[in-house]
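Novice: Predicted model and sequence follow; I will ask about them next.
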Amino acid sequence: MIEVVQGGGPLVLGLPHTGTYVPPKIVARLNVTGRALADTDWHVERLYDGLVGDVTTVRTRAHRYVIDVNRAPDGESLYPGQNTTGLVPLTDFDGLPIWQSGEEPDSDEVEARRVAYHAPYHAALAEELERVRARHGFAILYDCHSIRSRIPYLFDGVLPDLNIGTNGGTTCAPGIAAAVEAVCRAADGYSTVTNGRFKGGWTTRHYGRPDEGLHAIQMELSQATYLTAEAPPWDYDDGRAERLRATLRPILETLSAWRP
């Protein structure tokens, strides 16, 4: 369920929301909205594949409707006062129920899923970050995400194309954020923001401890930048994707070459 590819460089890519696996017994309890799996970070693993050498990746194949590995294990909201989805979501990003009536997971089931899916992902991620830090004296976690550009339930208007999250500058060295921002600002035709609607999920906030040599930064991409349409069947657009990859590549190259 957890896929790890080890590299020798200081950069680790987290892929928490690209999986589409849902156990059959859970699928049977989802309603039509839930079974659409619309909140997947579609094709993000393909988008980043091969952009930089010697990189480590950690990915779960489980879908976020099984459990969201980028949420706090105790279920605490990352964005108090704002609409969001939980550790085991009850709704999709549009605020629509995803479970058949009476089939919503209870607290015992949520805990069982945390142990079965959330904990192994973070055990693998923590192990790889420690391995990389032991080798280089530091490690950089780049958490890979994407989302539809228009979701009124979550945010107003249109999301910028490239959304950088460092939880207000606390999760990585200033030079790391500045380097990523510089590449994004120089990218022709893309809008960008740092610590806008998405400031970094639990993964970025939990592992980002720059004083200990652990740096974390999140990139939330607008799916309009690389899909043919932000609707089923969520097809990968080769032309748009290659243009975006031309911006993502120098970001990863810059992070791979960064030194304290």
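Specialist: Yes, it's here. Numbers count the residues shown, from 1 in each chain.

Novice: alpha carbons only for contacts and neighbour counts from here, please
Specialist: Will do.

Novice: wait, isn't Gly157 in contact with Arg150?
Specialist: Yes: Gly157 is within contact range of Arg150, at 6.5 Å (criterion: Cα atoms under 8 Å).

Novice: Break down this protein into its strands, ranges please.
Specialist: 2-5, 11-15, 56-60, 139-147, 162-165, 192-194, 214-222 (DSSP state E).

Novice: Only the buried residues of whichever helix in the chain runs longest, if you could.
Specialist: The longest helix of the chain (DSSP state H) is helix 238-257. By neighbour count on 16 or more other Cα atoms under 10 Å, the buried set for helix 238-257 is 241, 244-245, 247-248, 250-252, 254-256.

Novice: quick revisit: so which of the strands of the chain comes closest to Phe93?
Specialist: Among the strands of the chain, strand 139-147 comes nearest to Phe93, with 9.5 Å by Cα to Cα.

Novice: Given that closest one, what are its sheet partners and their directions?
Specialist: strand 11-15 (parallel), strand 214-222 (parallel) (DSSP bridges).

Novice: what does stretch 179-188 contact?
Specialist: Outside stretch 179-188, the residues that touch it by Cα atoms under 8 Å, 6 or more residues apart in numbering are 162, 164, 190-192, 194, 247, 250-251, 254-255.

Novice: same check, this time on stretch 148-160
Specialist: So stretch 148-160 is contacted by 82-84, 93-95, 161, 190-193, 197, 222-224, 230 (Cα under 8 Å, 6+ apart).

Novice: Start and end of that stretch, how far apart?
Specialist: 10 Å (Cα to Cα, to the nearest Å).

Novice: Could you give the average pLDDT over that stretch?
Specialist: For stretch 148-160, mean pLDDT rounds to 95.

Novice: burial measure for the closest residue to Arg59 other than its chain neighbours, as a count.
Specialist: Excluding its sequence neighbours, the residue lying closest to Arg59 (Cα to Cα, 6 or more residues apart in numbering) is Leu15, at 4.6 Å. Leu15 has 25 neighbours, counted by other Cα atoms under 10 Å.

Novice: Touching, Leu15 and His43? I think so.
Specialist: No: counting by Cα under 8 Å, Leu15 does not reach His43; the two are 10.6 Å apart.

Novice: rewinding a little: which one, of the strands of the chain, ends up nearest to Glu103?
Specialist: It is, among those and with distance given as Cα to Cα, strand 56-60, at 24.2 Å.

Novice: From the contact counts, what lies against that closest one?
Specialist: Packing partners of strand 56-60 (3 or more Cα pairs under 8 Å, 6 or more residues apart in numbering; DSSP states H and E): strand 2-5, strand 11-15, helix 119-136.
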